[in-house]
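Undergrad: Need a 3D model of the sequence below.
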Amino acid sequence: MAERIAADGLVKRFGSQTALDEVSFVVEPGTFLVLLGPSGSGKSTLVRCLAGIEHLTEGTIALGGMTVAAEGLHLAPERRGLSMVFQDYALWPHLDAVHNVAFALRRTRVPKAEATKRAGQMLERVGLSSHGHRYPSQLSGGEQQRVALARALIGDTGLLLFDEPLSNLDADLRERMRIEIGSLVRSSGVTAVYITHDQSEAFALADQVGVLQQGTLVQFDTPEAVYARPANAFVARFTGLSAELSGRVVGRSRTTPGCLEVAVSSQPGRRPIEAHQGTCTPADGNIRIMVRPSAVHFCPPDGEECQVVGSVTDVAFRGRGYEHAVRLADGGQATGIFHHARFARGEIVGLTIGADGCMAFSGHDSGEVDVAEPLAAPDAATTLTQSLDALAVAK
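TA: Reported below is the predicted structural model:
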């Protein structure tokens with residue numbers, strides 16, 4: 001049965017460093033939640049607190065209506081009714097694939113023969129029916145990840161946790177495994193919490209996305225809402241931009257509700273850009289316009305619809321067409337601009353920018369993406385090793 005997650009005021013400190021700062025959210029049963037953020041943002045710490053590997057400094061966690069962490073209370077991982085898939089797979093090297101999967105049933109009353117049979121069936125479900133007697137050293141990275149996923153699923157828990165499970169795989173295999181994980185988790189009907197720093201992976205998998213910045217949950221919403229209406233400049237930048245432009249507000253849009261008209265500083269005399277109002281106000285003098293790739297289109301540089309002019313600096317063939325990079329007048333660059341035809345390097349081009357995918361933020365909302373070293377307790381590695389057994393058999 002899928003579990004409901006309720007996290008309230010989660011704080012985790014390692015000495016003087018705060019890894020989680022008043023994080024609160026609710027995940028309904030059967031939801032696929034992806035936690036997104038750069039290194040050091042608190043993603044892994046948050047998942048480890050949910051799993052019971054780390055002790056909270058403050059706050060409460062309830063899983064399926066049962067409080068598992070609070071002041072003076074900490075339930076061990078094996079008592080939380082969850083399974084976990086680790087970044088490094090955490091397979092036992094002395095056990096073959098079928099026995100690695102069956103290991104998750106070791107502490108149940110399932111007879112050994114039945115456990116082995118069920119493990120074989122689970123391996124078949126993940127496409128490894130012919131690999132049951134191979135040891136981890138005889139499996140590829142993708143095959144090891146499938147074994148780890150089968151072990152997590154066979155426990156029949158209501159909550160699955162994923163600690164960046166695809167980061168060690170190459171791009172093609174990562175995409176195929178992403179599809180398999182999404183399909184298998186949803187067919188199982190469980191609640192899932194998945195962490196990643198890859199925004200495309202997050203948007204492809206998630207029902208809900210939680211964006212973390214320096215230990216703070218800055219946005220918690222659907223993938224579509226996070227992409228279309230980022231809560232601040234950090235979220236906008238971290239989830240993928242084509243360009244950033246400086247400008248000033250010259251009025252409100254008369255055609256698009258909720259949008260401002262912004263004159264681009266480096267493009268005097270050209271038609272203003274319409275941008276959704278982010279953290280700025282019409283009175284702000286220094287505006288940052290953040291533009292998604294889907295909002296940028298080529299047009300004649302001397303045409304009336306042209307809003308920005310630049311020169312093509314790079315062209316990449318993508319099969320269905322070409323992606324271009326364009327150097328702008330202010331020295332900035334617009335990237336990922338798609339067109340079915342190829343523009344030559346050095347060619348002067350015009351760009352028109354649609355309101356859908358264009359956001360205006362205050363100049364003081366810099367949105368810098370700080371990549372810090374992940375915070376961890378001095379004995380975190382030992383704690384994790386000691387917890388593998390418990391998590392592998394958690395039910």
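
Undergrad: What are the boundaries of the helices in the stretch 1-150 of the chain?
TA: Residue ranges of the helices in the stretch 1-150 of the chain, as given by DSSP state H, counting those that start in this stretch, are 43-51, 97-102, 112-125, 141-154.

Undergrad: List the buried residues for the third one?
TA: In terms of neighbour count (16 or more other Cβ atoms under 10 Å), helix 112-125 has its buried residues at A115, T116, R118, A119, G120, M122, L123, R125. Placement of C-beta: from N, CA and C, glycine included.

Undergrad: What is it packed up against?
TA: helix 97-102, helix 141-154 (3 or more Cβ pairs under 8 Å, 6 or more residues apart in numbering; DSSP states H and E).

Undergrad: CA atoms only: put it into PDB for me.
TA: Extracted C-alpha coordinates of helix 112-125, given in PDB (Å, rounded to 0.1, in the frame of the first residue of the first chain):
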ATOM      1  CA  LYS A 112      13.800 -20.000   0.900                       C
ATOM      2  CA  ALA A 113      12.500 -21.800  -2.100                       C
ATOM      3  CA  GLU A 114       9.500 -19.400  -2.500                       C
ATOM      4  CA  ALA A 115      11.800 -16.400  -2.000                       C
ATOM      5  CA  THR A 116      14.100 -17.600  -4.800                       C
ATOM      6  CA  LYS A 117      11.100 -18.200  -7.000                       C
ATOM      7  CA  ARG A 118       9.800 -14.700  -6.400                       C
ATOM      8  CA  ALA A 119      13.200 -13.200  -6.900                       C
ATOM      9  CA  GLY A 120      13.400 -14.900 -10.300                       C
ATOM     10  CA  GLN A 121      10.000 -13.500 -11.200                       C
ATOM     11  CA  MET A 122      11.100 -10.000 -10.200                       C
ATOM     12  CA  LEU A 123      14.200 -10.300 -12.300                       C
ATOM     13  CA  GLU A 124      12.100 -11.300 -15.200                       C
ATOM     14  CA  ARG A 125      10.000  -8.200 -14.600                       C
END
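
Undergrad: which residues sit against that helix?
TA: 97-99, 101-102, 105-106, 108, 110, 129, 131-132, 146-147, 150, 153-154, 184 (Cβ atoms under 8 Å, 6 or more residues apart in numbering).

Undergrad: got the angle for it vs helix 141-154?
TA: Per axes from the mean of the first three to the mean of the last three Cα atoms, to 10 degrees, the angle that helix 112-125 makes with helix 141-154 is 130 degrees.

Undergrad: okay if I get the buried residues of helix 112-125 as CSV plus pLDDT?
TA: Shown next, in CSV, are the buried residues of helix 112-125 (pLDDT from 0 to 100):
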residue, pLDDT
A115, 86
T116, 88
R118, 87
A119, 89
G120, 89
M122, 86
L123, 90
R125, 84
